[in-house]
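Trainee: Starting from these lines, generate the structure:
(chains A and B)
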Amino acid sequence: MGLKEKMHEIKLKYQGKKMAPAFNAIHTFLYTPNETTHSGGHVRAVDDLKRTMNTVILALVPCLLFGIFNAGYQHYSAIDGFPENFSIWEHFITWDNFVLGAITVLPLVIVSYGVGLLIEFIFAVIKGHEVEEGYLVTGMLVPLIVPVDTPLWMLAVAVAFGVVIGKEVFGGTGMNILNPALTIRAFLFFAYPTWMSGDKVWVHGAVERAGTADAISGETILGYLAQGNTQEMYAKYDLSEMFFGFIPGSVGETSAFLILLGGLFLIFSKIASWRIMVSAVVGSLAMGWIFNLIVDFGWIPEYSKFYGLMSFEFWKHLIVGGLAFGIVYMATDPVTGSQTNKGKWIYGFLIGFLSVMIRVFNPGYPEGVFLAILLMNVFAPTIDHYVVRGNVNKRLKRLKNATILPDTVDGAAAELKAETV
Amino acid sequence: MALLSKKDANLILDPLADNNPITIQVLGICSALAITAELKASIVMSISVIFVMGIGNVVISLLRNVIPSKIRIIVQLIVVATLVIVVDQVLKAYAYDLSKTLSVFVGLIITNCIIMGRFEAFALGNGVWRSFLDGIGNALGYGVILIIVGFFRELLGSGTLFGIPVLGDPIAKTGLYSIGYENNGFMIIPPAALIVVGVIIWVQRSRNRALIEEA
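Mentor: Modelled structure (predicted):
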C-alpha cells in the first residue's frame, strides 16, 4: 500500500475532526483526492486553483534564480568593483554568487512560506474550512519584492499582518480586496522605511558596513535619477544591464527580460490577463511621455528635484524598478483586479499611469508601483460596477429604440424580439 | 444596597461593551484616529470628553422642557461649545504641551458625533441623574477604546508608554533593540489606528456573535 492509499485512509479516519482541514490541505497538495462527484454532469478540467497557482510559481522561478545570482553579483561587485568586460558566464553565473545569493535569499523564501502557511493552517482549523492555495503565489512573490537584507523577523511580522489583515479578515482566498503580497510590501514600507529605501539596502552587507572603511552602497537607478545624478547613473549602468537586470533592486524585480518571458508564458497559458498587462504598459508609457513633453517644452527648470525622473526617456521606465514585475505578476491578480474586459483596460491603464506619476512625485521613495496597484485594487469593483451599468444602459436603450414588429399571432414574436436585443 | 439600580448601572456598562459608541455605533472615529499615537494624549482626551459629556448631558436634561424643538441643535451646540472652551483653556493653562499635541482636536470635541448623539437621543428625553450616567457611560466607552488604541500604538510605534521607554533605548540599543528590534513606524500614522480599531471590532464581534449585523 503506497503513501497515496494510506493518506486516503487516514483522511476517512479524521473526517469531521478539528484538524481535518490541515490534513486535507497536505493531502490535496500531494495527490489528487480520491473523491468522485456524486450527482449531475460535470466537466472535469485540470486547471483548478492549484494548477493556476503552480503555473504562476513556475513563471516566477526564473526571477527567483536570477535574483539569487544577482544578490551575489551585486555584493561582490560593490566590494571588488564592477568587472570591465562583463561576461555572464565569468562574472554572473558563478558558484560564489550562487552561494551568497542562496544564503541571503532562501531564508526570505522559507520565512515567507513558513509564517504565511502557518497562519493559513491556523485559520483553516479555527474556522473549519479547507486550506486554500492562495498563499502559494503570495509566498513566492513576497521574497521577490523586498530588499535582499530585510531582517527576517520584520518579514515575519509583515507576512502575519498581510495574511491576517489583508486576507483572512475578509474571508480568505478569493475574498480579499487588496493583493496580500503588496499589503505585506506596503506594511514593510511604512513600518520600517529605513530598511526599505535609501542606497544601503539593495546590496547584501551594505547596512552592516555603513560607517566603516569597507562601506559599500548600491543606489537603484531610480534613486540616482531622483537625486538628479543622471550622468553618474549612465556612467555606471547601460541599457542592456537595465533590461537584463544586472542592477540593484528588490530581489526578483530587476530583470525586465525574464519578467517579459514570464509574462508571455502567463499570457500563453491564459493564467493572467493580457488586457491588464498591455493597458498597464500603455498607461506607463503615456505618463512617461507626458513628463518627457513637459521637459521638452522647458516647463520645468533643471534644478527642480523632479527633473531627473521627468527627463528619463518614457520607455525606460518599464525596464527599471519594479514596474514590469508589478504589471506582470501583481496587477494581473484575478481576485483583486477588475473582472470585466472593458474594466481591465481602464484598471491596467490607470495602474501604469499612476505608477509612473507616483514614482516621479514621491519625495521619499522613487517608486510607486505597489501604491498604484493597491489603490487600483480598491477601485476595481467601482470600475466593474460602472462598466456593468454602462452595458445595462446600452442594452436598455437598444430595447427602447428597437422596432418591434407587429404581432404575428399572440405577441410571442414581440417578446422574443425584446429578449434578444 | 447597591449604589445603582440595575437599570441605571446598565447606562454605564452598556456603552463600555455591547453598545460601545466607537466599535458598535462607529461614532467619534475621527478623533480616535488622530490623537491616539500617544497614550497620554488618549487619556487626556478621554477625560476631556467625560467632563464635557457628563456636564453637557446634565445641562441639556435640565433645559429639556424649555428648549424649543426648532432650535434645539443650536442650544446643544452652545452648551457643548462652552464646555469645550473651558476644557481647552484649562489644558492651555496647566498642560500646554499636551494641548499642543491635541491641537485642534480639543476644539473638535464640539463636533464629536457621540456628544450630539447622546444629547439628541438621551438627554432630551430623560431625567438629570439618568442623563448624567448615560453621558459618563458613553464617554467612558469612548475613552476605553481610545486608551486601548493609544496603548498599542505608543508601545509598538515608539516603544514607550507615557513617554517612558519600556522596550529599551532605541538609540543606545539596549533591551529589545540590542537584538535588532525596531519601532514600527506604521503604528505612528493615523491609518494604523483605523486598523487597530478594526481589530478591536473583529475581536468583539467574534466573542459576541449577536453583535454581527445581518448582511
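
Trainee: Name the residues of chain B found near chain A, please.
Mentor: Selection of chain B residues close to chain A by CB under 8 Å from any CB of the partner chain yields B:180-182, B:184-187, B:189, B:195, B:198-199, B:202. Any C-beta I mention is one placed from the backbone N, CA and C, and that applies to glycine too.

Trainee: Out of those, which end up buried?
Mentor: If you count burial by 16 or more other CB atoms under 10 Å in any protein chain shown, the buried members of the residues of chain B next to chain A come out as B:181-182, B:184-187, B:195, B:199.

Trainee: closest to A:His75 among the residues you listed?
Mentor: B:Glu182 (22.9 Å; CB to CB).

Trainee: For chain B, what's its nearest residue on the stretch 301-421 of chain A.
Mentor: Proximity of the stretch 301-421 of chain A to chain B (CB to the nearest CB) peaks at A:Gly364, 11.5 Å away.

Trainee: Need the buried ones among the residues of chain B next to chain A in JSON lines (columns: distance to A:Lys200).
Mentor: Listed next are these as JSON lines, based on distance: CB to CB, whole Å:
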{"residue": "B:Tyr181", "distance to A:Lys200": "19"}
{"residue": "B:Glu182", "distance to A:Lys200": "15"}
{"residue": "B:Asn184", "distance to A:Lys200": "20"}
{"residue": "B:Gly185", "distance to A:Lys200": "17"}
{"residue": "B:Phe186", "distance to A:Lys200": "21"}
{"residue": "B:Met187", "distance to A:Lys200": "24"}
{"residue": "B:Ile195", "distance to A:Lys200": "29"}
{"residue": "B:Val199", "distance to A:Lys200": "33"}
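
Trainee: got the residue ranges for the helices in chain B?
Mentor: For chain B, applying DSSP state H gives helices covering B:6-16, B:29-34, B:39-63, B:72-94, B:96-102, B:104-107, B:113-121, B:128-158, B:190-207.

Trainee: packing partners for the last one?
Mentor: To tie it back to what came earlier, the one meant is helix B:190-207. Where contact means 3 or more CB pairs under 8 Å, 6 or more residues apart in numbering or on different chains; DSSP states H and E, helix B:190-207 is packed against helix A:152-166, helix B:29-34, helix B:128-158.

Trainee: looking at these, which has the lowest confidence?
Mentor: Here the lowest mean pLDDT among the helices and strands packed on helix B:190-207 goes to helix B:29-34, at a mean of 82.

Trainee: for that helix, packing partners?
Mentor: Under the contact criterion of 3+ CB pairs under 8 Å, 6+ apart, helix B:29-34 touches helix B:128-158, helix B:190-207.

Trainee: Relative to the whole chain's centre, how far out is it?
Mentor: 9 Å (CA atoms, centre = their mean, to the nearest Å).

Trainee: Only the buried residues of it, if you could.
Mentor: Neighbour-count burial for helix B:29-34 flags B:29, B:31-34 (criterion: 16+ other CB under 10 Å).

Trainee: what comes into contact with it?
Mentor: Contact partners of helix B:29-34, identified using CB atoms under 8 Å, 6 or more residues apart in numbering or on different chains, comprise B:22, B:45, B:105, B:108-109, B:112, B:142, B:145-146, B:149, B:190-191, B:193-194, B:197.

Trainee: out of the residues you listed, which are buried?
Mentor: Neighbour-count burial (16+ other CB under 10 Å) is assigned, among the contacts of helix B:29-34, to B:22, B:45, B:105, B:109, B:112, B:142, B:145-146, B:149, B:193, B:197.

Trainee: Closest residue of chain B to chain A?
Mentor: For chain B, CB to the nearest CB, closest residue to chain A: B:Phe186, 3.8 Å.

Trainee: That residue is in contact with A:Phe187, isn't it?
Mentor: Yes: when contacts are counted by CB atoms under 8 Å, B:Phe186 is listed as touching A:Phe187 (6.2 Å).

Trainee: and chain A, which residues reach chain B?
Mentor: A:151, A:153-154, A:157, A:165, A:169, A:187, A:190-195.

Trainee: Quick one: residues contacting A:Ser217.
Mentor: Taking CB under 8 Å, 6+ apart, we find A:Ser217 in contact with A:78, A:199-200, A:203, A:206.

Trainee: What distance do you get for the residue nearest to it when sequence neighbours are not counted to A:Ala78?
Mentor: Setting aside the residues directly before and after it, A:Ser217 is nearest to A:Asp199 in space (CB to CB, 6 or more residues apart in numbering or on different chains), at 4.5 Å. To A:Ala78, A:Asp199 is 11 Å away according to CB to CB, to the nearest Å.

Trainee: So for the two, which sits in the more crowded spot?
Mentor: Remark: of A:Asp199 and A:Ala78, A:Ala78 carries more neighbours, 20 against 17, as counted by other CB atoms under 10 Å in any protein chain shown.

Trainee: How far does stretch A:227-239 sit from its chain's centre?
Mentor: Centroid separation for stretch A:227-239 versus its chain: 27 Å, with CA atoms, centre = their mean.

Trainee: ignore the last one, stretch A:97-110
Mentor: For stretch A:97-110, the distance to the chain centre is 20 Å (CA atoms, centre = their mean).

Trainee: Equivalent analysis for stretch A:306-318, please.
Mentor: Mean-position distance between stretch A:306-318 and its chain equals 22 Å (CA atoms, centre = their mean).

Trainee: If anything else comes up later, I'll come back, but that's it for now.
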